[in-house]
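Enquirer: Based on what follows, work out the 3D shape:
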Amino acid sequence: MDEVVGRSWMVTDLSGEAVGDRPPTLHFEEDGQVYGNGGVNRVRGTWALTDGRLTFGPIVATLMAGPPERMAVERAVLGLLTGPLTVTVADDELLLSAEDGRTARLVPAPPESELL
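Expert: Numbers count the residues shown, from 1 in each chain. Below you'll find the model as predicted:
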């Protein structure tokens, strides 16, 4: 995870489907904190990599409402983060894969997207 930590990542697709005009972002800190934006709400929590499996501690989010399509993306991202994930890093992409086959593809986020 060395190449992932200290950087912001933008979700480009969920299980092969594009996420739309306001992609969620995640920023992984070295101390095990993660924060970002689910597409509508700001999110924060913890992460750990143990025995090759990425897990997230409780993820909290603000409670703003948004357009139905953005809320659906946000629910899908947060749902994916509830279980253990396999992490693949290749060609400056991060692929998170759940045991049930759901995936999230992330790419480095542009600096201006970090606070969206």
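Enquirer: For burial, what's the neighbour tally of the closest residue in space to residue 10 that isn't next to it in sequence?
Expert: Of all residues beyond its chain neighbours, the one nearest residue 10 is residue 109 (3.9 Å), with distances taken as C-beta to C-beta, 6 or more residues apart in numbering. C-beta: built from backbone N, CA, C; applies to glycine. As a burial measure, residue 109 scores 21 neighbours (other C-beta atoms under 10 Å).
Enquirer: Please look at residue 40 and residue 72 and confirm they touch.
Expert: No - Residue 40 is beyond contact range of residue 72, at 10.1 Å (criterion: C-beta atoms under 8 Å).
Enquirer: Those two: who's more crowded?
Expert: Shown here are residue 40 and residue 72; by other C-beta under 10 Å, residue 40 has more neighbours (20 against 15).
Enquirer: Tell me which residues touch residue 30, please.
Expert: Residues counted as contacts of residue 30 (C-beta atoms under 8 Å, 6 or more residues apart in numbering) are 5-6.
Enquirer: Check the secondary structure at it for me.
Expert: coil (DSSP: H, G, I helix; E, B strand; the rest coil).
Enquirer: for this structure, what's the longest strand?
Expert: Criterion DSSP state E: the longest strand present in the chain is strand 42-50.
Enquirer: Counting by contacts, list what the following helix or strand past that one packs against.
Expert: Next helix or strand after strand 42-50 toward the C-terminus (DSSP states H and E): strand 53-56. When contacts are defined as 3 or more C-beta pairs under 8 Å, 6 or more residues apart in numbering; DSSP states H and E, strand 53-56 packs onto strand 42-50, strand 85-90.
Enquirer: And the most centrally placed residue in the chain, what's its pLDDT?
Expert: Taking C-alpha atoms, centre = their mean as the criterion, residue 26 is the residue nearest the geometric centre of the chain, at 4.7 Å. Residue 26 is assigned a pLDDT of 96 by the prediction.
Enquirer: Fine, thanks again, bye for now.
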